[in-house]
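Undergrad: pasting the sequence and the predicted coordinates here, then a few questions.
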Amino acid sequence: ALGIATSPDSIGLLFSVSSVCYTISCPAIGLLSDRSRIGPRPMIYAGLLAQAIGFLLIGPSPLLGWLHGGSASWLQVVGGLVLF
């Protein structure tokens, strides 16, 4: 990871991104998955779909070779955002 995180502070910030996203999204997902609103099953399906899309984009998947055309860095960024 040379060039991305060269100091202990920047490495700590990189690892804290997932924790912050989890902390922000959990109450919202909990409210939506309440039985009086959407319900847990559609939320599980939506999460699985988002995870599958994120893994396809972050790879980059050979199935999406036509999409990245040699430079897949933007696909990795989008895939990482979908996964978080």
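TA: Great, that's in hand.

Undergrad: pLDDT of the helix ranked longest in the chain, averaged?
TA: Longest helix in the chain by number of residues (criterion: DSSP state H): helix 8-32. For helix 8-32, the mean pLDDT works out to 83.

Undergrad: packing partners of that helix?
TA: Using 3 or more C-beta pairs under 8 Å, 6 or more residues apart in numbering; DSSP states H and E as the contact definition, helix 8-32 packs against no other helix or strand. All C-beta spots, glycine's among them, are computed from the backbone N, C-alpha and C.

Undergrad: if you set the cut-off to 10 Å instead, what comes out?
TA: Using 3 or more C-beta pairs under 10 Å, 6 or more residues apart in numbering; DSSP states H and E as the contact criterion, the neighbours of helix 8-32 among helices and strands are helix 40-58, helix 73-83.

Undergrad: mean pLDDT lowest for which of those?
TA: Least confident of those, judged by mean pLDDT, is helix 73-83 with a mean of 65.

Undergrad: how near is the closest residue to Ile38 other than its chain neighbours to Leu13?
TA: Using C-beta to C-beta, 6 or more residues apart in numbering and skipping residues adjacent in sequence, the residue nearest Ile38 is Leu32, 5.0 Å away. When distances are taken as C-beta to C-beta, to the nearest Å, Leu32 and Leu13 turn out to be 29 Å apart.

Undergrad: same question for Pro42.
TA: In this structure, Pro42 and Leu13 are 34 Å apart, going by C-beta to C-beta.
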